[in-house]
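Engineer: show me the folded form of this:
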Amino acid sequence: MASAIYFIGGASASGKSVVARALAAEAQWPIVELDEFYDILDSAFEDHTNLEKATDKIALQVVVQLLAVNAACLVEGGWIDPAPAKKLKDRSQGQFYPVYCGYPNGTVEQRLTMIKREKAHWLAERSKKTARAYLESQIKHSRWYQRQCGQYGLPFFDFSDISVGVAALSANYTDWLRSVGTHAKATASQAIL
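Structural biologist: Below you'll find the model as predicted:
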């Protein structure tokens, strides 16, 4: 049986985790959240640059191993950049299907208001100054993801308007599920970690 892994990457605070959990629940697919590896490693690293590099390597290795065991699941997290994702997609003959989201046309205030209201992101607990600086960097990172996806021919969903982004990503996921067929759905339970 072939693997079928739908990967949602992109900018932090774009809504990846929330939409990934909703899509996985709706389709009854297991989900692997790559941020959990970062959280586990956080206590082992004093240097955050090395922590992020280690998380990048672990995230890629997790996906490679999921492919090796013919897992069918949804993987979410900003830990695999478009260049290695495109290589993995090509090597897996499309069994690994990466998409990205961000908010390149969003504003810091709009995103911060949503985060504070929903309390669904770790930034909700940070000071406004810290959150604003981080969100400004993530808007720039969103633009980088958008350019990279264009360069590598990978789908990018603009979550500057959350409802528009969610609708587009959901339609893509539904189409992808249909394309992988029922064999992948039947093997989805194999991917639970």
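Engineer: distance of Pro84 from His121?
Structural biologist: The spacing between Pro84 and His121, counted by CB to CB, to the nearest Å, is 25 Å. The C-beta positions use only the backbone N, C-alpha and C, and glycine is treated the same way.
Engineer: for Lys89, the count of nearby residues, please.
Structural biologist: Residues lying near Lys89 (other CB atoms under 10 Å) number 20.
Engineer: my guess is it contacts Ala83. True?
Structural biologist: No - look at Lys89 against Ala83 with CB atoms under 8 Å: they stay out of range, at 10.9 Å.
Engineer: what stretches of this protein score poorly on pLDDT?
Structural biologist: 1, 182-193 (pLDDT under 70).
Engineer: tell me which stretches of it form helices.
Structural biologist: 16-27, 35-42, 48-68, 82-91, 108-118, 128-152, 162-186 (DSSP state H).
Engineer: let's have those in TSV, adding distance to Gly10.
Structural biologist: Below are these laid out as TSV (distance: least, CB to CB, whole Å):
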stretch	distance to Gly10
helix 16-27	6
helix 35-42	12
helix 48-68	13
helix 82-91	10
helix 108-118	13
helix 128-152	5
helix 162-186	10
